[in-house]
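Student: starting from these lines, generate the structure:
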Amino acid sequence: MTRLILTAALALGLAGAAAAQTQGPTSPIFSTKGGSAVPGETFEGQWFTTQDGCTYSRTKAPGYPTRWVLILNPHHVGQKPAHRGCKVML
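Tutor: Alright, predicted model coming up:
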């Protein structure tokens with residue numbers, strides 16, 4: 001019984017991963033990952049502000065994908081402080 005459940009879960013996970021790989025960003029600037037709007041691969045700015053007022057800074061380490069980290073006090077880009085609803089990382 002456990003083997004059947006694990007096999008079904010694995011099959012669903014692989015099907016979801018294949019579907020995610022075939023879908024590209026909806027526009028060159030924004031894409032949706034996990035329900036949040038994040039800048040697309042062609043976005044070249046250092047800072048990004050979401051529609052709900054959360055401001056993020058771009059980070060990139062060699063060999064890893066670009067990550068967006070929440071800025072708690074983005075006064076240097078003319079935005080208000082982060083609120084409780086902001087995700088820490090995109």
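Student: and what about Pro81, helix, strand or coil?
Tutor: coil (DSSP: H, G, I helix; E, B strand; the rest coil).
Student: for Val69, see how far away it is.
Tutor: Distance from Pro81 to Val69, counting by CB to CB, to the nearest Å: 15 Å. Using the backbone N, CA and C atoms, a C-beta is placed for each residue, glycine as well.
Student: for Gly53, same thing?
Tutor: Gly53 is 16 Å from Val69, by CB to CB.
Student: okay, helices next: where are they in this protein?
Tutor: 2-22 (DSSP state H).
Student: any weak-confidence spans in it?
Tutor: Confidence mapping of the chain against pLDDT under 70 gives the ranges 1-36.
Student: 50 - rerun?
Tutor: 4, 14-35 (pLDDT under 50).
Student: burial count for Asn73?
Tutor: 10 (other CB atoms under 10 Å).
Student: would you mind measuring from the residue nearest to Lys60 when sequence neighbours are not counted to Lys80?
Tutor: Distances taken as CB to CB, 6 or more residues apart in numbering place Thr66 nearest to Lys60, at 4.9 Å, with adjacent residues excluded. Distance of Thr66 to Lys80, given as CB to CB: 24 Å.
Student: now do Arg67
Tutor: 23 Å.
Student: go on, Thr59?
Tutor: Applying CB to CB to Thr59 and Lys80 gives a distance of 22 Å.
Student: now Cys86
Tutor: 11 Å.
Student: what's the neighbour count on the closest residue to Cys86 other than its chain neighbours?
Tutor: Nearest residue to Cys86, sequence neighbours excluded (CB to CB, 6+ apart): Cys54, at 3.6 Å. Applying other CB under 10 Å, we find 22 residues neighbouring Cys54.
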